[in-house]
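> Kindly generate the corresponding structure for this input.
(one chain, ligands or ions: 1)
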Amino acid sequence: MDITKQLDKVQFDTQAIQQLDSAHYLHPFTDHNALAARGARVMVKGDGIYLWDSDGHKILDAMSGLWCVNIGYGRTSMADAVYKQMQTLPFYNSFFNTTNLPAVQLAALLVDVSPPQFNHVFFTGSGSEANDTIVRMVRRYWELMGQSERHVIISRHNAYHGSTIAGVSLGGMAGMHAQGGPMVPGIVHIGQPSYLEGGSGMTPDEFGLVAAGWLEERIRELGPDNVAAFIGEPVQGAGGVIIPPPTYWPEIQRICDKYGILLIADEVICGFGRLGAWFGSTLLGIKPDLIAFAKGVTSGYIPLGGVLVGDRVAAVLTEKGGDFNHGFTYSGHPVACAAALENIRILRDEQLVEKVAQDTGPYLKQKFTALADHPLVGHADSCGFVAGLNLVRRKGATVHGNEVFDGDLGVGMICRGYMFERGIIMRAVGDRMIIAPPLVTTREQIDEMTGKIGAALDDTLAELR
Ligand code: PLP
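You can find the predicted model right below:
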């Protein structure tokens, strides 16, 4: 059949879409044999916090797409902003001494919503590109400072910083490091601040100081004069919503200051209201030199990322640096920037960040942590609009006494399957079930969400018994 006719026909036929998908489309992070056997779920529509698939199922998207649809689906004003910009100037680059209005306006607006030490922005197309940019920018900064031996960047195990080669190298995901190496040299990892994993016998605050102390130990081992920067997500997302104890980040800041090393916050998930603050760094009490952002800047409607560059770095780059030989075709893309401008207008006008901080975030905490009463849940916690719960075989007297499932059983994935059946998307990281709902989620919708989660937990328990 002629390809255009074939493409028109599949629009109405789930199986035909799945066959074509399986034949030609290589998906990210996907086992294609398993996908071919199952057939991909085809998403066709989104509105508010709900999605519809090609078989007509309505699903509550408790993951905001991929941690990004902060303003919810179906915003016509976003479509209007993009349409208008496409008609005016669909593309021009920012190389060779040119600029465009939406990029300039967005840079100024981002400076306005970001912590006071930020007065400059570098645009990229994604979070991974933002982190690639940071690796090069940090090393360039130290070259310009006459200390090019300071090139090592310290990150953490189980961190996620993207899928480009620098992103993977910065990240601490064992499964990613095992493929497609070697990694970028000069990047090392310390332990993550996971109280559940490493805090046995300590209070959370004690453990926070111990985990931050691993940074100081590593700096001393490497020699402070060789260390360029430390990078971390304020709250680790893809690693399983790991919320560090309150003592952790202030101690990290103290150590970075003591040795003069740059502090980088990867806010690709935490930025733009996700934790109930415009940036997670502010909430967790740190003053980073660089912030990577993406996702929530456009709520995922159009790809855009970037780096907020603090005054310490920007002054050196702009005054001493000459050309910084780095940039992307889509840096400052006018249509993406127009989408971000409208997205930030919505976040501001609807006071979504404040709502998460003062109203819906605390309500989610109350409802979500109550799920820890379920016999299958060993622990549940949240920070703003990210939350996670741990599935356990048997509860102990403390969280460290919980008896966990054999990893091979894949209990998290079983539970995720039941979540889908109950009409809710929740992600499984091992046996930790996590959510990051759109910031527009109301109290009533939180009731609906936690009700569905509770029902799927019952289904999972029934299967395991
Ligand atoms: N950094 C963090 C913390 C992320 O969660 C992600 C993506 O999930 C990235 C970086 C990479 O962003 P992107 O997928 O836009 O390249």
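
> For the residue in the stretch 301-450 of the chain positioned nearest to the ligand, which non-adjacent residue is spatially closest?
Residue nearest to the ligand within the stretch 301-450 of the chain (C-beta to the nearest ligand atom): residue 305, separated by 5.7 Å. In short, each C-beta sits where N, CA and C put it, glycine included. With sequence-adjacent residues excluded and distances taken as C-beta to C-beta, 6 or more residues apart in numbering, residue 305 is closest to residue 294, at 3.4 Å.

> how many other residues sit next to that neighbour?
28 (other C-beta atoms under 10 Å).

> quick one: contacts for it?
Listed by C-beta atoms under 8 Å, 6 or more residues apart in numbering, the contact set of residue 294 reads 68, 124, 126-127, 130, 268, 303-306.

> so which of those would you say is closest to residue 412?
Minimum distance to residue 412 across those is 21.9 Å, recorded for residue 68 (C-beta to C-beta).

> Tell me, what's the model's pLDDT at the closest one?
We have a pLDDT of 98 for residue 68.

> before we move on, the earlier item: distance of the residue of the stretch 301-450 of the chain closest to the ligand relative to residue 356?
22 Å (C-beta to C-beta, to the nearest Å).

> Kindly report the same for residue 144.
Per C-beta to C-beta, residue 144 is found 39 Å from residue 356.

> got it, and residue 342?
19 Å.

> Look at residue 144 and residue 356 and report which has more neighbours.
Neighbours per residue, other C-beta under 10 Å: of residue 144 and residue 356, the larger number sits with residue 356, 25 against 17.

> Correct me if wrong: that one contacts residue 440.
No. Using C-beta atoms under 8 Å as the test, residue 356 is too far from residue 440 to be in contact (9.7 Å).

> Enumerate every residue touching residue 174.
Contacts of residue 174 by C-beta under 8 Å, 6+ apart are residue 157.

> I should have written residue 389 there, sorry.
368, 371-372, 377, 379-381, 432-433.

> Need the nearest residue in space to it, chain neighbours excluded.
Nearest to residue 389 is residue 380, by C-beta to C-beta, 6+ apart, at 3.9 Å.

> check contacts around residue 163.
Applying C-beta under 8 Å, 6+ apart, the residues near residue 163 are 28, 128, 176.

> So the second one sits against residue 169, correct?
No. Because the distance of 11.1 Å does not satisfy C-beta under 8 Å, residue 128 is recorded as not touching residue 169.

> How about stretch 70-87, which residues are buried there?
70-73, 75, 78, 81-82, 85 (16 or more other C-beta atoms under 10 Å).

> can those go into TSV with extra columns for secondary structure and distance to residue 116?
Below are the buried residues of stretch 70-87 laid out as TSV (DSSP: H, G, I helix; E, B strand; the rest coil; distance: C-beta to C-beta, whole Å):
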residue	secondary structure	distance to residue 116
70	coil	23
71	coil	25
72	coil	30
73	strand	34
75	coil	30
78	helix	29
81	helix	28
82	helix	31
85	helix	30
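
> Between those residues, which sits nearest the ligand?
Of these, the one sitting nearest to the ligand (C-beta to the nearest ligand atom) turns out to be residue 70, at 13.6 Å.
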